[in-house]
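S.K.: My questions concern the predicted model and sequence given below.
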Amino acid sequence: MKGLAGRIALVTGGARGIGRAICERLAAEGASVAIADIDGDGAKRAAAEIGGRARGIALDVTDSASVRNGVGEAIAHFGRIDALVNNAGWDKVEPFVKAKEETWDKVLAINLRGPIAVTRAVLDGMLERRAGWIVSISSDAGRVGSSGEVVYSAAKAGVIGFSKALAREVARSNVHVNVVCPGPTNTPLLAEVGADNPKLVDALARAVPFGRIGEPADLAGAVAFLISDDAAFITGQTLSVSGGLSMV
């Protein structure tokens with residue numbers, strides 16, 4: 001893939017699942033990767049396993065001080081951040097009428113305010129260098145809605161709106177801002193949901209035209225493309241990687 005060698009990326013939620021696959025793909029393409037995760041030990045283990053110039057960093061996207069410290073550590077180590085992947089996410093699947101306010105707050109803090117906060121923390125350097133790539137992981141739930149994920153759907157729709165508006169503001173500074181929307185994907189979060197409802201994963205797989213749920217590596221390729229020079233004329237776009245489940 002053209003243009004990733006020498007690029008420095010920070011990936012939130014990078015210790016496992018989709019984030020881990022993204023880190024592995026970016027490193028394989030020649031990028032240096034700051035693996036940022038609320039599980040700092042897990043991030044360090046992931047960095048050791050990926051090797052190369054990967055570095056694990058403790059970062060809680062819901063805590064402003066943690067965001068500043070984590071981004072500061074990445075810049076101190078690598079010198080700059082060229083690309084940001086806002087991947088950290090969380091959900092609790094339940095009917096909206098049963099969800100408590102503390103669940104709303106947590107879903108919004110991680111999935112919407114988190115990407116906003118981390119983006120703000122890295123953006124000044126991108127604007128000064130007049131170059132940058134930001135990819136936020138939203139969800140097809142944010143495009144079409146998902147039963148049992150009402151507030152999550154709202155948060156992920158917010159990520160899309162935030163990214164489109166920001167893309168307009170920063171395009172003249174050559175900062176690219178795009179969104180990738182997974183469909184059902186084989187992640188630890190899906191495993192947790194499936195443990196409570198064993199038939200759910202099979203039902204989701206049957207609903208996907210390709211007949212399977214996604215794998216983290218399916219998302220990693222799309223992210224790598226969007227922060228590469230091959231995507232130099234792409235900004236403000238939302239790409240679903242869902243096996244055709246949502247054709248928007």
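M.R.: Received the coordinates, thanks. Source: prediction; values computed, not measured.

S.K.: in this protein, which helix or strand is least confident?
M.R.: helix 188-196 (a mean of 71; mean pLDDT, DSSP states H and E).

S.K.: mind checking how far the helix or strand immediately after it in the chain is from the chain centre?
M.R.: For helix 188-196, the following helix or strand on the C-terminal side (DSSP states H and E) is helix 198-207. Centroid displacement of helix 198-207 relative to its chain, using Cα atoms, centre = their mean, to the nearest Å, is 24 Å.

S.K.: distance from the centroid: which residue in this protein tops it?
M.R.: Val97 (27.9 Å; Cα atoms, centre = their mean).

S.K.: Please report the distance of that one from Gly148.
M.R.: 11 Å (Cβ to Cβ, to the nearest Å). Placement of C-beta: from N, CA and C, glycine included.

S.K.: What of Leu239?
M.R.: 24 Å.

S.K.: Pass me the low-pLDDT residue ranges in the chain, would you?
M.R.: 1, 193-196 (pLDDT under 70).

S.K.: Check which helices and strands the host helix or strand of Asp41 is in contact with.
M.R.: Applying DSSP H and E as the criterion places Asp41 in helix 40-50. Contact analysis of helix 40-50 by 3 or more Cβ pairs under 8 Å, 6 or more residues apart in numbering; DSSP states H and E lists helix 17-28, strand 32-37, strand 55-58 as its packing neighbours.

S.K.: what's the angle from that helix to strand 32-37?
M.R.: Interaxial angle of helix 40-50 relative to strand 32-37 (axes from the mean of the first three to the mean of the last three Cα atoms, to 10 degrees): 150 degrees.

S.K.: can you pull the buried residues of helix 40-50?
M.R.: Residues of helix 40-50 classed as buried by neighbour count (16 or more other Cβ atoms under 10 Å): 40, 42-47, 50.

S.K.: again, but for stretch 13-24
M.R.: Quick answer for stretch 13-24 (16+ other Cβ under 10 Å): 13-24.

S.K.: just stretch 235-244 next, same as before
M.R.: So, applying 16+ other Cβ under 10 Å, buried residues of stretch 235-244: 235-236, 238-243.

S.K.: Over to stretch 116-135?
M.R.: 116-119, 121-123, 125-127, 131-135.

S.K.: contacts for it?
M.R.: Stretch 116-135 has contacts (Cβ atoms under 8 Å, 6 or more residues apart in numbering) with 7, 9-10, 12, 59, 61, 64, 67-68, 71, 75, 80-86, 136, 162-163, 166, 170, 173-180, 223, 226-227.

S.K.: Repeat the analysis, applying 6 Å as the threshold.
M.R.: Residues from elsewhere that reach stretch 116-135, judged by Cβ atoms under 6 Å, 6 or more residues apart in numbering: 12, 61, 67, 71, 80-81, 83-86, 173-178, 223, 226-227.

S.K.: tilt between the strand ranked longest in the chain and helix 17-28?
M.R.: In the chain, with assignment by DSSP state E, the single longest strand is strand 175-182. In terms of direction (the same axes, to 10 degrees), strand 175-182 departs from helix 17-28 by 130 degrees.

S.K.: Can you give the strand pairings for strand 175-182, parallel or anti for each?
M.R.: Within its sheet, strand 175-182 is paired with strand 132-137 (parallel), strand 238-241 (parallel), according to DSSP bridges.

S.K.: Could you give the separation of the first one from the chain centroid?
M.R.: It stands for strand 132-137. 8 Å.

S.K.: Ok, stretch 107-121 next?
M.R.: 11 Å.

S.K.: For that stretch, measure first residue to last.
M.R.: 21 Å (Cα to Cα, to the nearest Å).

S.K.: distance of the most centrally placed residue in the chain from Asp230?
M.R.: Taking Cα atoms, centre = their mean, the centroid of the chain lies closest to Asn87, which sits 1.9 Å from it. Per Cβ to Cβ, Asn87 is found 20 Å from Asp230.
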